[in-house]
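> Fold the stuff below for me.
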Amino acid sequence: MLVGSRYGVSVLNSISQDRWGQRSATTMKFTILMLGAAAIAMLSFELRTASAVELLEGDIVVADFGADLIIKVDPNTGNRQTISGGAVGSGPFLSQVRGLHIDPTGHILVTDADLRAIIEIDPATGARSVISSATHGTGPQFSAPFAIDLDASGTIYVTDLSQDALFRVDRTTGNRALVSNASLGTGPTLGNPTGIDIIDNGRAYVGDQVLDSLLSLDLASGDRIDLSSASVGSGPSISSPFSVISVSDSEVLISDASLSVIRINPLTGQRTTVSGAGVGSGPEFVDLRNIARGEDGTIYAVDEDLDAVLRIDPNTGSRSIVSSNAIGSGPSFFVPESIAVVGTLVPEPSSCCALLLLSFAYLMVRRATMKQLV
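Residues are numbered from 1 along each chain as shown. I've put the predicted structure just below:
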């Protein structure tokens, strides 16, 4: 038979090679498509992260209540750059920004008292999008949203000065629910709750300007416990606290209207002055507002009258100006209200997906090349 002849074998080999060529071509086309998709994904990631303002670990971010700007401050030079607000970024215009939080991916969440909303800001573009407001999400509406924090699952918690309440907000849907107020939870009634810091055991530390106290608040029941106040603990008095920062089980930092940073032991209520009120050298606080803590333990503060960011040594209380309208270049401060320090950032999923696509495409090319060599 012809099939048994060398011509038959040659014909079969020709058919086999032709089919292999078709499969190889198909494989290569698919691989090219995969490479293209990966390149587009990587380009998209690069475009999204490439910006005149790049947030790095240790950078300082300030929300300016007067200028309606979110500003990056270089902790080494004091130079300032607008991240969002004014002519920078798309979306709703900022108006009376109060609270500020940076999530693990570097996205910035702020509360806006005039918009009565939570706004998310992409630091790469400055673009602003509404997470929750009267027109985004269901549930009781904000009146005067103030401080903002996230728990480990990404759920948002916001204090409201006007409603004397703590809200829980679903970051995906914007839906809102009351966690604690005069009708929810037992214990001292909230009155102008300000700073909030979520701790790991389902509780939050909250400062209260009417009670002049540091409270522990159960996020499930809304129950409140007075941890430190005129009637609990000893040391310098708490007077209209702003920020609340949990450092450890036995240490919480607050800033308050007494123009001082106070260290509180939540186990005993004992209070000591860290900086201000005669403790520490350097420029005196004039209108101290919020504070933040770097991963190295350094404390940073904003002062609305000095129009400045200050660095505070947690051991000596000494103060120095990091950035002001006289120190560093960039947009001027008008009413610097809130402050945060960029921590360790987690890469966003898109970059990981792009790398997986590239790896898969590389393997396909290598496999096709090896088969052609056989």
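> For residue 152, grab the count of nearby residues.
Other residues near residue 152 come to 7 when the count uses other CB atoms under 10 Å. (Glycine included, C-beta is placed from N, CA and C.)
> repeat for the one 4 residues further on
Residues near residue 156, counting by other CB under 10 Å, number 24.
> mind pulling up the phi and psi values for residue 170?
phi -80, psi 120 (degrees, to the nearest 10).
> Going forward, the N-terminal residue is numbered 57.
Okay, residue one is now 57; in that scheme the one you just asked about reads as residue 226.
> OK, contacts around it?
Taking CB atoms under 8 Å, 6 or more residues apart in numbering, we find residue 226 in contact with 193, 211, 212, 232.
> List the residues that contact the third one.
Looking back up the chat, that one is residue 212. 165, 174, 187, 188, 204, 205, 206, 224, 225, 226, 227.
> Name the nearest of those relative to residue 133.
The closest of the contacts of residue 212 to residue 133 turns out to be residue 165 (CB to CB; 26.3 Å).
> ok, for that closest one, nearest residue in space, not its chain neighbours?
residue 157 (4.6 Å; CB to CB, 6 or more residues apart in numbering).
> On the three-state scheme, the one you found is what?
strand (DSSP: H, G, I helix; E, B strand; the rest coil).
> In contact with it, which residues?
164, 165, 166, 204, 205, 206, 396.
> what about 10 Å?
117, 119, 163-167, 174, 203-206, 212-214, 252, 394, 396 (CB atoms under 10 Å, 6 or more residues apart in numbering).
> next one: residue 190
Contacts of residue 190 by CB under 10 Å, 6+ apart are 171, 172, 173, 197, 198.
> Per-residue pLDDT of residue 404, please?
Looking at residue 404, its pLDDT reads 64.
> again, but for residue 429
Predicted confidence (pLDDT) at residue 429: the value is 44.
> Likewise for residue 148?
What the model reports as pLDDT for residue 148 is 97.
> Just the buried residues of stretch 346-359, please?
Residues of stretch 346-359 classed as buried by neighbour count (16 or more other CB atoms under 10 Å): 346, 347, 348, 349, 350, 354, 355, 356, 357, 358, 359.
> For my notes, confirm residue 267 occurs in a helix.
No. Counting by three-state DSSP, residue 267 is not found in a helix; it is coil.
> what's around it, how many residues?
22.
> returning to that earlier point: pick the one among the buried residues of stretch 346-359 closest to residue 259.
Using CB to CB, those come closest to residue 259 at residue 349, 19.1 Å.
> That closest one and residue 329, how far apart?
When distance is defined by CB to CB, to the nearest Å, residue 349 is 16 Å away from residue 329.
> before we move on, what about residue 109?
Taking CB to CB, one finds residue 109 at 36 Å from residue 329.
> My guess is residue 231 contacts residue 195. True?
Yes. Using CB atoms under 10 Å, residue 231 makes contact with residue 195 at a distance of 5.3 Å.
> before we move on, the earlier item: next, format the contacts of residue 212 as a markdown table and append secondary structure and pLDDT.
What follows is the contacts of residue 212, written out as a markdown table (DSSP: H, G, I helix; E, B strand; the rest coil; pLDDT from 0 to 100):
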| residue | secondary structure | pLDDT |
| --- | --- | --- |
| 165 | strand | 98 |
| 174 | strand | 98 |
| 187 | strand | 98 |
| 188 | strand | 98 |
| 204 | strand | 98 |
| 205 | strand | 98 |
| 206 | strand | 97 |
| 224 | strand | 98 |
| 225 | strand | 98 |
| 226 | coil | 98 |
| 227 | coil | 98 |
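> Switch those residues over to CSV; also include distance to residue 322.
Listed next are the contacts of residue 212 as CSV, based on distance: CB to CB, whole Å:
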residue, distance to residue 322
165, 25
174, 27
187, 30
188, 30
204, 21
205, 16
206, 21
224, 22
225, 25
226, 29
227, 28
